[in-house]
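J.: please work out how this folds:
(one chain, ligands or ions: 1)
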Amino acid sequence: MEKRKRFFLEERDIPRRWYNIVADMQNKPMPALNPATRKPVTLDELSHIFSVEASRQELNTEDRWIDIPEEVRDQYRLYRSTPLVRAYGLEKALDTPAHIYFKNESVSPVGSHKLNSALAQAYYCKKEGLTNITTETGAGQWGTALAYAANVFGLELAVYMVKVSYEQKPYRRSLMQVYGAQVIASPSMSTKAGRKILTETPNHQGSLGTAISEAVELATTVPGCKYTLGSVLNHVTLHQTVIGLEAERQMEMAGEYPDVVIGCFGGGSNFGGISYPFLRHNFQDGRRTRFIAAEPSACPKLTKGRFMYDYGDEACYTPLLPMYSLGHTFVPAGIHAGGLRYHGAGTIASSLLKDGIIEAVDIDQLESFRAGVMFARAEGIVPAPESAHAIAATVREALKAKEEGVGRTILFNLSGHGLVDMSAYDRYLAGDM
Ligand SMILES: *Cc1c(COP(=O)(O)O)cnc(C)c1O
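T.: Just a heads-up that it's a prediction; the model follows:
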């Protein structure tokens with residue numbers, strides 16, 4: 001019998017609602033705090049920075065399902081559903097009894113899952129009458145996704161890009177500019193926060209923390225401008241649940257259910273996006289699926305960080321978040337997986353990890369590239385260096401299944417492709433890593 005390799009949904013079956021896992025958590029995450037008052041942040045305070053609707057979603061702990069606006073779903077139809085693929089090639093390369101599936105978010109026009117939230121956030125800003133939006137970007141994927149989305153909904157965008165990435169990844173800057181965004185290397189002299197950092201550390205190579213400080217400062221000082229964030233926060237993860245909700249139906253088409261779900265972990269949005277729709281069946285139906293977040297050894301907040309209230313940024317502009325963190329002044333080494341260089345973990349994932357409901361592993365850079373190259377040769381897709389961490393964790397699980405001589409169904413999220421990261425692969429192939 002011919003074995004089916006790829007599974008797609010009909011357009012009418014693209015999800016109409018996102019899944020809010022907080023509604024189903026017995027132990028809900030502790031609230032984000034206003035650092036000045038030490039009281040839980042209010043809708044008023046949040047919507048000073050973010051669109052009102054995103055702020056509402058951020059604080060929503062009650063509604064399990066939240067409607068996807070028709071205008072956003074209409075944009076999703078351009079690239080969704082994304083394929084669920086049975087990775088026969090990788091299974092063969094590993095000679096494993098495990099069945100490996102991946103959800104391919106790299107097929108979005110911008111090459112990563114980030115567009116799922118960018119479209120939603122830009123839409124809300126437009127609907128609320130704003131003219132400008134701003135953000136930070138690490139490796140450039142979020143900035144690229146938002147540049148595309150800002151253009152779709154007719155907004156002006158200024159992106160603060162982490163300096164090390166701005167220099168290492170000039171093509172992501174070009175992509176953002178092609179879509180019409182203005183791109184500034186961070187730390188920069190254009191904000192108070194940037195000037196302070198550069199005065200103290202003239203050679204600062206930037207981090208998501210410094211870029212967030214600059215973007216938030218712009219959003220709170222320029223009228224008609226709001227800030228958007230590509231990871232970490234609850235509403236971003238909410239938007240990404242479209243990944244897992246599709247995968248749930250596609251796994252059904254494949255006649256399987258995952259024993260293990262794996263995602264790479266920067267701030268937690270693609271991990272949560274693929275995991276939480278399945279985790280709801282652990283909560284509701286007694287399923288025993290394991291969930292593994294794969295983070296880089298160079299930025300190990302989940303495996304080596306401490307659970308605490310910490311700032312989301314270097315300059316302490318954001319609310320205090322209850323999360324696993326390496327401290328807001330932590331500057332990770334300049335690894336190539338720029339999207340994973342963030343000091344903290346989203347509050348939902350942090351709370352789930354603290355309660356032993358999800359697991360985390362750390363992967364060093366060499367192991368991630370070894371897995372990435374193996375995947376490219378077996379499945380034809382060059383993965384983003386971030387996604388390669390999920391692949392490395394998948395390889396570990398598949399080899400464990402082989403050692404134990406048991407079948408196991410593994411699902412991982414391929415959060416993006418690496419075609420704009422070829423200089424990193426060059427370094428790996430040259431043995432220079
Ligand atoms: C941004 C990014 C990540 C990390 O962000 P999360 O919010 O943790 O998902 C992972 N992979 C890719 C391709 C990214 O662009």
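J.: what residues of stretch 363-377 count as buried?
T.: Residues of stretch 363-377 classed as buried by neighbour count (16 or more other Cβ atoms under 10 Å): 363-365, 367-376. Yep, even glycine has a C-beta here, placed from its N, CA and C like the rest.
J.: turn the residues you listed into a markdown table, columns for secondary structure, pLDDT and distance to the ligand.
T.: Output for the buried residues of stretch 363-377, formatted as a markdown table (DSSP: H, G, I helix; E, B strand; the rest coil; pLDDT from 0 to 100; distance: Cβ to the nearest ligand atom, whole Å):
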| residue | secondary structure | pLDDT | distance to the ligand |
| --- | --- | --- | --- |
| Ile363 | strand | 98 | 13 |
| Asp364 | coil | 97 | 17 |
| Gln365 | helix | 97 | 15 |
| Glu367 | helix | 98 | 17 |
| Ser368 | helix | 98 | 12 |
| Phe369 | helix | 98 | 15 |
| Arg370 | helix | 98 | 18 |
| Ala371 | helix | 98 | 14 |
| Gly372 | helix | 98 | 12 |
| Val373 | helix | 98 | 17 |
| Met374 | helix | 98 | 18 |
| Phe375 | helix | 98 | 14 |
| Ala376 | helix | 98 | 15 |
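J.: how about the residue of the stretch 1-150 of the chain found nearest the ligand, nearest residue that isn't a chain neighbour?
T.: Closest to the ligand within the stretch 1-150 of the chain is Gln141: 3.1 Å, counting by Cβ to the nearest ligand atom. Excluding its sequence neighbours, the residue lying closest to Gln141 (Cβ to Cβ, 6 or more residues apart in numbering) is Ser112, at 4.5 Å.
J.: just the pLDDT at that neighbour, thanks.
T.: Looking at Ser112, its pLDDT stands at 98.
J.: again, but for Phe102
T.: For Phe102, the predicted pLDDT is 98.
J.: ok so it is a strand residue?
T.: Yes: the assignment for Phe102 is a strand, going by DSSP: H, G, I helix; E, B strand; the rest coil.
J.: got the contact list for it?
T.: Shown in contact with Phe102 (Cβ atoms under 8 Å, 6 or more residues apart in numbering): Leu84, Val85, Ala87, Glu379, Thr394, Leu411, Phe412, Asn413, Leu414.
J.: of those, closest to Leu238?
T.: Asn413 (15.9 Å; Cβ to Cβ).
J.: how much space between the closest one and the ligand?
T.: For Asn413, the distance to the ligand (Cβ to the nearest ligand atom, to the nearest Å) stands at 8 Å.
J.: I'd say that residue and Ile262 touch.
T.: Yes: between Asn413 and Ile262 there is a contact at 7.3 Å, judged by Cβ atoms under 8 Å.
J.: residues bridging contact with those two, i.e. touching both?
T.: With Cβ under 8 Å, 6+ apart, Asn413 and Ile262 have common neighbours Ala390.
J.: more crowded one of these two?
T.: Ile262 (30 against 26; other Cβ atoms under 10 Å).
J.: reduced to three states, what does the more buried one come out as?
T.: strand.
J.: which residues does the residue lying closest to it once chain neighbours are set aside bridge with?
T.: Spatially, and ignoring its direct neighbours in sequence, Ile262 is nearest to Phe412 (4.1 Å; Cβ to Cβ, 6+ apart). When bridges are called by DSSP bridges, Phe412 pairs up with Phe102, Ile262.
J.: tally up the residues packed near Phe412, please.
T.: Number of residues near Phe412 (other Cβ under 10 Å) recorded here: 31.
J.: check the gap between it and Ile391 for me.
T.: Distance of Phe412 to Ile391, computed by Cβ to Cβ, to the nearest Å: 7 Å.
J.: the helix-or-strand element of the chain with minimal mean pLDDT and the ligand in contact?
T.: When the helices and strands of the chain are scored by mean pLDDT, DSSP states H and E, helix 163-168 comes last with a mean of 86. No: Helix 163-168 lies out of reach of the ligand by Cβ under 6 Å from any ligand atom, never closer than 11.2 Å.
J.: is it true that the residue of the stretch 1-150 of the chain closest to the ligand touches Leu175?
T.: No: here Gln141 does not reach Leu175: they are 9.5 Å apart, not a contact under Cβ under 8 Å.
J.: follow-up on the earlier one: contacting residues for the residue of the stretch 1-150 of the chain closest to the ligand?
T.: Gln141 neighbours (Cβ under 8 Å, 6+ apart): Val110, Gly111, Ser112, Lys114, Arg172, Gly230, Gly339, Ala384, Gly416.
J.: next one: Tyr317
T.: Per Cβ under 8 Å, 6+ apart, neighbours of Tyr317: Ala193, Ile212, Ser213, Val216, Glu217, Thr220, Tyr311.
J.: I'd say the third one and Arg195 touch.
T.: If I follow you right, that is Ser213. No: using Cβ under 8 Å, Ser213 makes no contact with Arg195, being 11.0 Å away.
J.: of those two, who's got more company?
T.: Ser213 (30 against 14).
J.: so the more buried one: helix, strand or coil?
T.: Ser213 is classified as helix under three-state DSSP.
J.: show me what contacts it?
T.: Counted by Cβ under 8 Å, 6+ apart, Ser213 has contacts Thr191, Ala193, Gly194, Ile197, Asp313, Glu314, Ala315, Tyr317.
J.: make it 6 Å
T.: For Ser213, the contacting residues are Ala193, Asp313, Glu314, Ala315, Tyr317, by Cβ atoms under 6 Å, 6 or more residues apart in numbering.
J.: please report how far it lies from the ligand.
T.: Ser213 is 19 Å from the ligand, by Cβ to the nearest ligand atom.
J.: with Gly338 instead?
T.: From Gly338 over to the ligand (counting by Cβ to the nearest ligand atom), the distance is 8 Å.
J.: go ahead and confirm that residue touches Ala139.
T.: Yes: taking Cβ atoms under 6 Å as the definition, Gly338 is a contact partner of Ala139 at 3.0 Å.
J.: so where do the helices sit in the stretch 201-350 of the chain?
T.: Counting by DSSP state H, counting those that start in this stretch, the stretch 201-350 of the chain has these helices, from start to end: 208-221, 234-254, 269-285, 301-304, 347-354.
J.: mean pLDDT lowest for which of the ones you listed?
T.: helix 208-221 (a mean of 89).
J.: list the buried ones in it?
T.: Leu208, Gly209, Thr210, Ala211, Ile212, Ser213, Glu214, Ala215, Val216, Glu217, Leu218, Ala219.
J.: name the nearest of these relative to Gly334.
T.: The closest of the buried residues of helix 208-221 to Gly334 turns out to be Leu208 (Cβ to Cβ; 12.7 Å).
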